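S.K.: Task: produce atomic coordinates for the following.
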Amino acid sequence: MVTLRQLLPKKTHRIVEGLITQLMMIAIVGPFFFIFFYMFWSSFKPDYLFFEPGVWSFEPIWDNYAEVIENSDMVKNIGNSLFISGFATLIGLGCGLLTAYTVARFNMQKLAMAILLTRMIPYITALVPFWMVYKEVGLLNTYSGIILAHLVITIPFGVWIMIGFIEDIPKDLEEAAWIDGCSRAQAFVKVILPLATPGMVATSILCFIFSWNNFQLALVLGGFDVTTAPVTVFKYADPEAGGSGQMMAAATMVTIPVFFIVLAIQKQLASGLTMGGVSK
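M.R.: Model prediction:
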């Protein structure tokens, strides 16, 4: 871009730079949108055309969605996912915010590294210990058990994202509140929380998405009593048994709630992520 800046007039350079940026964004994001569009369009395709991926022109049918809604618990399980992911996100955000504040203000890097190590451990390695403990204490196949298990996802993730946001808030603001007579807790509520709101929104959305998409914990610990939406999609993942269109319809139904949630608060999400990426 330095060469273009030297060769082109300032106004032309801005146009070319903006065009190149847009093309790069399309090249990066385009494949992901194509995958979602292919899944969405295939959900209206009859089963006899499913194994002909080159066929894009056909008469859309709603039978696949009707089949999923009538002959499965998809709607109920979407509600289960909303309940579990919502509570796991709230608890994870609360614990993550307090822990991130402690790490950032008291420079507890060892604690931060220990939390990072727990985030690096694959979830599947914790399934057997979780199952054994849950069986003994009676949390197997319960909502509370899956919510507690999802905290393995939301708390470490929330801590590591919120650390950056807390560090971006000048400590002088807290000290000014202390001088005015506030305790540390009052300064945290009146100063830190309002300034960290964009970061909390971004962290909440990311934690919710990771919790919503989790499949292994819900499959093993929820069983048949507490089933989440991703587990319902798995029931259709048998191409030899037919129902491929139903699988795409179920996957689309699982994706749409998160898609609209992110779309509704995209500005807050973008501002939160930008805030966290600005260093002092």
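S.K.: Quickly list the domain ranges of the chain.
M.R.: 2-42, 72-276 (automatic domain parsing).
S.K.: Determine which of those approaches P60 most closely.
M.R.: domain 2-42 (8.1 Å; C-beta to C-beta). In this view, the C-beta of every residue, glycine as well, is placed from N, C-alpha and C.
S.K.: Now do stretch 145-156: distance to the chain's middle.
M.R.: Distance of stretch 145-156 from its chain centroid, counting by C-alpha atoms, centre = their mean, to the nearest Å, is 13 Å.
S.K.: can you start the count at 653 instead of 1 from here on
M.R.: Happy to do that; since the first residue is 653 now, the last one works out to stretch 797-808.
S.K.: circling back: reformat the domains of the chain as JSON lines; add mean neighbour count.
M.R.: Shown next, in JSON lines, are the domains of the chain (neighbours: other C-beta atoms under 10 Å):
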{"stretch": "domain 654-694", "mean neighbour count": "11"}
{"stretch": "domain 724-928", "mean neighbour count": "17"}
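S.K.: Mind checking those domains for the one nearest to V707?
M.R.: domain 654-694 (10.0 Å).
S.K.: what residues are up against the closest residue in space to S896 that isn't next to it in sequence?
M.R.: Spatial nearest neighbour of S896, excluding adjacent residues (C-beta to C-beta, 6 or more residues apart in numbering): F702 at 4.1 Å. Contacts for F702 (C-beta atoms under 8 Å, 6 or more residues apart in numbering) come out as 694, 896-897.
S.K.: for those, which one is nearest L742?
M.R.: S694 (35.0 Å).
S.K.: hang on, isn't the closest one packed against A902?
M.R.: No. If you go by C-beta atoms under 8 Å, S694 and A902 don't touch, sitting 11.8 Å apart.
S.K.: show me where the stretch 653-802 of the chain has helices.
M.R.: For the stretch 653-802 of the chain, the helices defined by DSSP state H, counting those that start in this stretch cover 654-659, 662-694, 715-723, 726-758, 761-772, 776-789, 795-820.
S.K.: Just want the angle from the last one to helix 761-772.
M.R.: If I follow you right, that is helix 795-820. 140 degrees (axes from the mean of the first three to the mean of the last three C-alpha atoms, to 10 degrees).
S.K.: how about the closest residue to I815 other than its chain neighbours, what does it touch?
M.R.: Spatial nearest neighbour of I815, chain neighbours left out: A752 (4.5 Å); criterion: C-beta to C-beta, 6+ apart. When contacts are counted by C-beta under 8 Å, 6+ apart, A752 touches 810-815, 817-818.
S.K.: before we move on, back to that, for the domains of the chain, which one sits closest to Y717?
M.R.: Of all the domains of the chain, domain 724-928 sits nearest to Y717, with 4.8 Å by C-beta to C-beta.
S.K.: contacts for stretch 782-791?
M.R.: By C-beta under 8 Å, 6+ apart, stretch 782-791 touches 792, 797, 800-801, 869, 872-873.
S.K.: average pLDDT across that stretch?
M.R.: Summarised as a single mean, pLDDT over stretch 782-791 is 90.
S.K.: just stretch 685-694 next, same as before
M.R.: Mean predicted confidence for stretch 685-694 is 85.
S.K.: Check stretch 881-897 too.
M.R.: 74.
S.K.: Can you get me the start-to-end distance on that stretch?
M.R.: 17 Å (C-alpha to C-alpha, to the nearest Å).
S.K.: How about stretch 755-769?
M.R.: Start and end residues of stretch 755-769 are separated by 15 Å (C-alpha to C-alpha).
S.K.: Please apply the same query to stretch 828-848.
M.R.: From start residue to end residue, stretch 828-848 stretches across 17 Å - C-alpha to C-alpha.
S.K.: thinking again about what came up before, next, format the helices of the stretch 653-802 of the chain as JSON lines and append distance to I908.
M.R.: Shown next, in JSON lines, are the helices of the stretch 653-802 of the chain (distance: least, C-beta to C-beta, whole Å):
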{"stretch": "helix 654-659", "distance to I908": "41"}
{"stretch": "helix 662-694", "distance to I908": "9"}
{"stretch": "helix 715-723", "distance to I908": "11"}
{"stretch": "helix 726-758", "distance to I908": "9"}
{"stretch": "helix 761-772", "distance to I908": "28"}
{"stretch": "helix 776-789", "distance to I908": "28"}
{"stretch": "helix 795-820", "distance to I908": "21"}
